[in-house]
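**Q** kindly generate the corresponding structure for this input.
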Amino acid sequence: MRKLLLVFFITCVFLILGNIRAEADEIHRKEMFSIEEPTWIFKSGMGRGSYHDRQDLGFILKENTKLKMRQVNTDFNGSLTVRLLGDDSKEEKSVAVTSNWTTIEAGKALVPFVDTPYGEIGPTLEYEIEGDNEQKPLPIYEYGDNQAAFFGTWDNNDGEYGLIINKDFQLLIPKKDKNLARNLKDFPSLDALIEYFNGVFKLNNDMAGFDNSSPTNQVGNNRYFLKADANGAGGAYYGSHWTAQSSNTVGMWLSKGSWGSLHEIAHGYQTSLDNRDIYTGEVSNNLFGVQYEYSTYGKDEADRIGWLFGIGYKAQVENVLYTKMVGNFGTYDSADHREKLIFLALLKQKAGNEAFTKLYQGYRADANKTGFDINQYTLPNLLNHYYSEHSGFDFTAVFERWGIKLTNSQPAINRDREYTPVASLADIVPENKLPSARLLVDPNVMIRSNFTMVTNAEIAALNLTGNLNIELDTENIQDLKGTKIQIKNGKQVVQEQFIQDKQVQFKNLSNGIYTVNFIGDIMKNYLVKQHYVYVKEAQNQANISVENIKKSDLTNQKIRFLGLGNDQFAEFNTDLQKEQGILSVSATNPHVYFGQNLYASVEVKDVQGNLVYQNKMAGTGVAIGTFKFPLKEGYELQIEHVEPSRLAPDEPISVQNRINTWTMTEWGLANHQLQNDAEQDFIKKINKSGETLIQDENVKDIPLIYLSEKKNLLFAINHLNEKNKEEYLAKYGELFHTPNYGDNFTFTLKGLGNATFATMDFSTKERLLTVNTNRTMPHWYFPERYATILVQGVDGTKKYLKNYWGRKIYAASIDKVNLSLGDYLTVIHEEGAGHRLRIQNTASQKLLANHKIVRYQLVHDGLKVVAESDVPKLVQDPPKITSCLRAGNTLILGKATPGAIVEVLVGNSTPAKTVKADDLGKWKVTVSALVRGETVSVKSTSEGVQLVSPEYKVIAR
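**A** Down below sits the predicted model:
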């Protein structure tokens with residue numbers, strides 16, 4: 001009984017408050033708040049309810065009733081908008097409010113809202129309702145309120161709408177759904193409904209990286225506005241001012257886990273990266289919904305009821321996708337929206353949720369930097385970057401398999417860092433073995449599919465193997481002979497072969513995805529178009545293009561064609577390497593306002609003026625496709641755009657003229673209108689490319705043979721005249737330092753009469769140095785040291801030292817020295833600058849440069865020439881006495897750095913005895929008979945470094 005009385009009392013209070021809130025012909029004043037504009041979010045292209053936040057006036061404005069308003073806070077300088085909102089956008093109204101009285105009214109009962117302005121100072125609204133009609137109060141529910149009182153107010157006033165307010169959202173409910181809200185099917189109360197939406201927004205915020213870890217990772221204060229719209233687009237939509245179910249009901253918003261609500265809310269979390277080189281418009285937002293479903297329901301239930309696999313049709317969805325991608329060799333573009341979502345969800349799953357979040361945070365930080373240029377970013381490039389960097393997996397092959405182009409250096413970075421490549425199960429496991437593979441993989445993942453991305457190790461237990469035949473597509477196979485092809489799985493070199501002809505065979509490779517490396521000095525002149533191979537069946541074929549560089553890609557240019565809304569509809573590229581132009585048309589209707597009238601065109605003529613290619617594009621009905629045509633030096637290119645300001649080239653053009661004309665030169669396109677110097681433009685590109693590479697720590701040290709950007713830069717520099725070539729090779733030379741590639745190198749040391757006194761076999765693969773000394777005297781004419789072999793560790797520690805004195809007869813011997821990556825080898829030969837020091841690559845027979853002193857460092861795949869300053873100073877051997885010092889002895893033996901000058905001081909005798917340590921560091925001196933109790937000390941000097949031994953005492957005989 002007490003509970004009923006309490007509800008009755010609260011209801012009466014709401015009724016009284018409702019009646020005094022909206023008196024007619026009375027000026028009311030309401031202080032409105034402003035919120036900080038989350039510009040750091042908006043700069044990334046993310047809307048996230050950008051203009052959804054608004055404040056109600058507390059009543060429902062009756063139909064055909066005028067509402068007069070003005071803004072009276074003189075300190076407020078922003079704009080202010082009042083809207084009348086309900087369940088039908090066609091009936092709703094909005095008006096800008098200034099300091100002057102403004103009137104708004106509608107033909108049906110609607111709720112007045114004031115858009116929350118961005119800024120520090122809030123506005124003050126004065127308003128007056130014309131007429132005698134009393135307005136109904138707007139029932140409002142906030143978390144923790146009395147639900148019965150809320151519905152009591154609504155029932156007793158027969159309000160057309162009710163409003164739920166929370167920190168993340170507001171929901172405007174039409175009268176039609178009042179009982180649906182009262183008797184929620186999926187929730188025990190309105191509080192539970194609010195908690196559900198709070199959870200959805202929290203998950204989305206967490207995924208997007210709003211963790212307050214930096215200024216750009218703060219979440220904004222603006223709330224979403226959810227409503228109904230009887231005349232909305234589709235089934236539901238997300239807009240800049242609200243998101244709505246396209247119906248006169250908000251049933252979607254009142255249901256737990258409604259895919260429509262998850263989908264539309266997540267549209268606000270998409271960034272300006274969407275659709276950049278990969279379609280994600282109605283796809284990437286669904287990643288948030290997939291995350292919700294699988295984290296909420298678990299994988300079995302999510303598979304059964306989730307949207308990802310067709311709400312109960314997983315087997316059918318999987319079968320269709322397999323036929324499309326494997327049977328018909330499909331691509332990402334050939335997949336429908338659901339199938340694209342499967343791919344992106346599996347990609348994200350393999351990379352990990354943290355990688356997805358880091359992408360959002362990283363891009364948001366970049367978008368807020370001064371000079372940010374969206375045209376420098378594509379979504380595939382950033383996915384590959386963040387997913388690879390934060391997982392240690394290489395996703396390059398996945399994108400290439402999908403037919404998606406990666407345009408930055410990340411693929412080369414991934415290979416240089418030896419990230420493990422991944423692939424879809426369906427691409428590396430035969431169809432009849434997929435069930436067995438799924439038994440292995442499915443328990444370890446949340447989203448289970450034939451396209452789950454795996455490493456080779458994850459399917460190794462299947463014990464599947466196959467042979468691989470690589471066919472090289474090249475015009476110069478003779479140049480490539482002796483070059484090594486490596487088949488790698490991350491850090492592991494699985495197999496390797498030397499190229500002998502165009503067919504290279506690899507036997508018994510485990511099923512999987514592999515990286516292919518081409519190793520050899522000649523590769524600095526060649527571009528490899530494919531870096532990954534698949535082993536799936538018993539016999540596998542891979543065709544790899546290895547193309548001799550004839551033109552640097554710095555000569556190439558790109559011109560983008562923009563149309564309505566500055567959306568790109570076509571792109572023109574030059575390719576001087578293949579002497580062709582490429583026009584890629586991606587939109588059927590560039591600009592609908594121009595209809596069938598000409599909007600843009602491309603025309604190419606040869607040196608005789610003959611038409612080689614022409615494509616006239618109207619405003620609508622343009623043929624989509626990629627068109628290739630000859631474009632050689634001397635050819636003339638003409639591009640017309642009815643709106644020339646919507647041509648977006650890499651280099652300047654005349655935006656005043658509808659028509660721009662160029663001539664193709666050896667340096668690139670020369671614009672007739674601008675009269676540009678193509679060679680100087682080419683040199684500017686060299687500077688830009690060189691500076692970019694030097695400043696990018698991620699690519700600066702990638703070896704020349706593995707990085708196409710370096711190869712193209714070097715080729716471009718070599719194409720300049722001698723003066724410029726010398727200047728730019730000096731300027732960017734550090735980028736082109738390259739080791740001598742090879743598994744084995746032979747050093748031959750000759751002496752008098754060209755007789756070989758020693759040889760060295762240096763195995764970079766086995767990391768072993770073998771020194772073979774012949775039984776001979778090196779050279780009688782050199783009484784001092786004639787040659788030296790020195791091996792040092794990265795810290796300068798001596799690992800091996802062998803001195804050859806010219807007049808000493810050496811016994812035959814073999815020394816073996818185990819090496820580590822980074823070790824230094826120094827070879828000194830007094831006649832090495834002539835023909836008596838020979839250094840040769842064992843496989844290719846190539847001779848390396850010989851000098852009196854040669855210095856190398858052991859690096860991956862070869863020997864790198866280093867300067868004296870690069871080699872750490874040799875750590876000297878401290879001098880010591882090795883013989884027993886007994887009274888009466890006259891001979892003292894010891895060791896020191898080989899070749900060092902050794903001074904032995906006995907007691908207080910002067911001068912000290914001086915001797916030179918031999919090539920093994922041994923020394924001996926003859927002294928007067930030692931006396932018991934005397935002290936003996938040793939000092940050694942080598943390369944300016946002096947070391948002193950401890951004092952030794954003579955003992956009794």
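
**Q** OK, contacts around the most centrally placed residue in the chain?
**A** For the chain, the residue nearest the mean C-alpha position is residue 385 (1.4 Å; Cα atoms, centre = their mean). Residues in contact with residue 385 (Cβ atoms under 8 Å, 6 or more residues apart in numbering) are 359, 408, 410. Heads up, the C-betas are built off the backbone N, CA and C, glycines and all.

**Q** which residues touch stretch 311-325?
**A** For stretch 311-325, contacts defined as Cβ under 8 Å, 6+ apart pick out 303-305, 309-310, 330-331, 334-335, 338-339, 342, 426, 431, 449-451.

**Q** quick one: terminal-to-terminal distance for that stretch?
**A** Taking Cα to Cα, to the nearest Å, stretch 311-325 runs 22 Å from one end to the other.

**Q** surely residue 356 touches residue 348?
**A** Yes: contact status for residue 356 versus residue 348: in contact at 5.1 Å, counting by Cβ atoms under 8 Å.

**Q** which residues are in contact with each of the two?
**A** With Cβ under 8 Å, 6+ apart as the test, residue 356 and residue 348 both reach 287, 387.

**Q** if we ignore the residues flanking it in sequence, what's nearest residue 602?
**A** Leaving aside its chain neighbours, residue 602 sits nearest to residue 615 (4.9 Å; criterion: Cβ to Cβ, 6 or more residues apart in numbering).

**Q** buried subset of the contacts of residue 385?
**A** The neighbour count (16 or more other Cβ atoms under 10 Å) marks 359, 408, 410 as buried among those.

**Q** contacting residues around the first one?
**A** Residues touching residue 359, when contacts are defined by Cβ under 8 Å, 6+ apart, comprise 382, 383, 385, 386, 387.

**Q** the residue nearest to residue 635 when sequence neighbours are not counted in helix, strand or coil?
**A** Closest residue to residue 635 apart from its sequence neighbours, by Cβ to Cβ, 6+ apart: residue 664 at 4.9 Å. Here residue 664 is recorded as strand under DSSP: H, G, I helix; E, B strand; the rest coil.

**Q** I'd say residue 664 and residue 607 touch.
**A** No: look at residue 664 against residue 607 with Cβ under 8 Å: they stay out of range, at 9.8 Å.

**Q** what sits against residue 98?
**A** So residue 98 contacts 70, 71, 80 (Cβ under 8 Å, 6+ apart).

**Q** hang on, the first one in a strand?
**A** Okay, so that is residue 70. Yes: assessed by three-state DSSP, residue 70 belongs to a strand.

**Q** what's the spacing between the nearest residue to it once chain neighbours are set aside and residue 93?
**A** Excluding the flanking residues, the one nearest residue 70 by Cβ to Cβ, 6+ apart is residue 101, at 5.0 Å. The gap separating residue 101 from residue 93 is 16 Å, by Cβ to Cβ, to the nearest Å.

**Q** who's more crowded, the two?
**A** Set residue 101 next to residue 93 and count neighbours by other Cβ atoms under 10 Å: residue 93 wins out with 17 against 12.

**Q** leaving out sequence neighbours, find the closest residue to that one.
**A** That would be residue 84: by Cβ to Cβ, 6+ apart, it lies 4.5 Å from residue 93.

**Q** tell me the one of the contacts of residue 385 nearest residue 262?
**A** If you rank the contacts of residue 385 by distance to residue 262 using Cβ to Cβ, residue 359 comes first, at 20.2 Å.

**Q** is residue 361 in a helix, a strand, or coil?
**A** At residue 361 the chain is in helix, as set by three-state DSSP.

**Q** report the contact partners of the closest residue to it other than its chain neighbours.
**A** Spatial nearest neighbour of residue 361, excluding adjacent residues (Cβ to Cβ, 6+ apart): residue 209 at 3.8 Å. Contact analysis of residue 209 by Cβ under 8 Å, 6+ apart lists 217, 357, 358, 360, 361, 364.

**Q** then residue 926?
**A** For residue 926, the contact set (Cβ under 8 Å, 6+ apart) comprises 890, 891, 913.

**Q** again, only using 7 Å
**A** Each residue near residue 926 by Cβ atoms under 7 Å, 6 or more residues apart in numbering is listed here: 890, 891.

**Q** model confidence over stretch 391-398, on average?
**A** Averaging pLDDT along stretch 391-398 gives 98.

**Q** put the alpha carbons of that stretch into PDB.
**A** Only the C-alpha atoms of stretch 391-398 are listed here, as PDB (Å, rounded to 0.1, in the frame of the first residue of the first chain):
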ATOM      1  CA  SER A 391      51.500  -9.100 -34.200                       C
ATOM      2  CA  GLY A 392      54.800 -10.000 -35.700                       C
ATOM      3  CA  PHE A 393      52.900 -11.600 -38.700                       C
ATOM      4  CA  ASP A 394      53.300 -10.500 -42.300                       C
ATOM      5  CA  PHE A 395      49.900  -9.800 -43.900                       C
ATOM      6  CA  THR A 396      51.200  -8.700 -47.200                       C
ATOM      7  CA  ALA A 397      50.400 -12.000 -49.000                       C
ATOM      8  CA  VAL A 398      46.800 -11.800 -47.800                       C
END
